[in-house]
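> Okay, structure incoming, though there's no sequence with it:
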């Protein structure tokens, strides 16, 4: 009962959850990356597996489907997991697989919400806001007449 209160009943619940998950991942060979503590990496015999954690959502990817499956089984033994299958949407980013195995990341849904909020949902599209032949320079050029 006390363990559940630590995780679910306090303001510190997200922090406690992260520490519990991070220690569980460390026990099976994962280390947080130096650039982002929410991304964990395990390099087992040259095969990399990555885990991205955002609150209680987790993305697992890697170089070996077999390693990923074994990792999910280990994680499921320690935590109650719900496998939602292939990734389609995460943190406002839509994810679609290509036929060649690549990924297409898009924020169309978010852009639609912004346009609707600005009452511009039915506006006419413009592929590029400037002519393609304009050369933009970081320095130099002419000053504005009335900045």
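Received the coordinates, thanks. What you are looking at is a predicted structure, and each value in this text was computed from that prediction instead of being measured. Numbers count the residues shown, from 1 in each chain.

> Flag the shaky bits of the protein, pLDDT-wise.
1-10, 147 (pLDDT under 70).

> Start from the N-terminal end of it and give the strands.
31-32, 39-44, 47-54, 57-62, 89-90, 93-97, 103-106 (DSSP state E).

> Let me have these in JSON lines, adding distance to residue 13 as columns.
Where you see a C-beta, it was placed from the backbone N, CA and C, and this is true even at glycine. Listed next are these as JSON lines, based on distance: least, CB to CB, whole Å:
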{"stretch": "strand 31-32", "distance to residue 13": "20"}
{"stretch": "strand 39-44", "distance to residue 13": "20"}
{"stretch": "strand 47-54", "distance to residue 13": "15"}
{"stretch": "strand 57-62", "distance to residue 13": "15"}
{"stretch": "strand 89-90", "distance to residue 13": "21"}
{"stretch": "strand 93-97", "distance to residue 13": "25"}
{"stretch": "strand 103-106", "distance to residue 13": "30"}
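
> Dump those strands into JSON lines; add mean neighbour count and distance to residue 112 as well.
Output for the strands of the chain, formatted as JSON lines (neighbours: other CB atoms under 10 Å; distance: least, CB to CB, whole Å):
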{"stretch": "strand 31-32", "mean neighbour count": "14", "distance to residue 112": "35"}
{"stretch": "strand 39-44", "mean neighbour count": "16", "distance to residue 112": "29"}
{"stretch": "strand 47-54", "mean neighbour count": "16", "distance to residue 112": "22"}
{"stretch": "strand 57-62", "mean neighbour count": "15", "distance to residue 112": "22"}
{"stretch": "strand 89-90", "mean neighbour count": "12", "distance to residue 112": "13"}
{"stretch": "strand 93-97", "mean neighbour count": "13", "distance to residue 112": "11"}
{"stretch": "strand 103-106", "mean neighbour count": "10", "distance to residue 112": "11"}
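
> can you tell me which of these comes nearest to residue 81?
Relative to residue 81, the nearest member of these by CB to CB is strand 57-62, separated by 8.1 Å.
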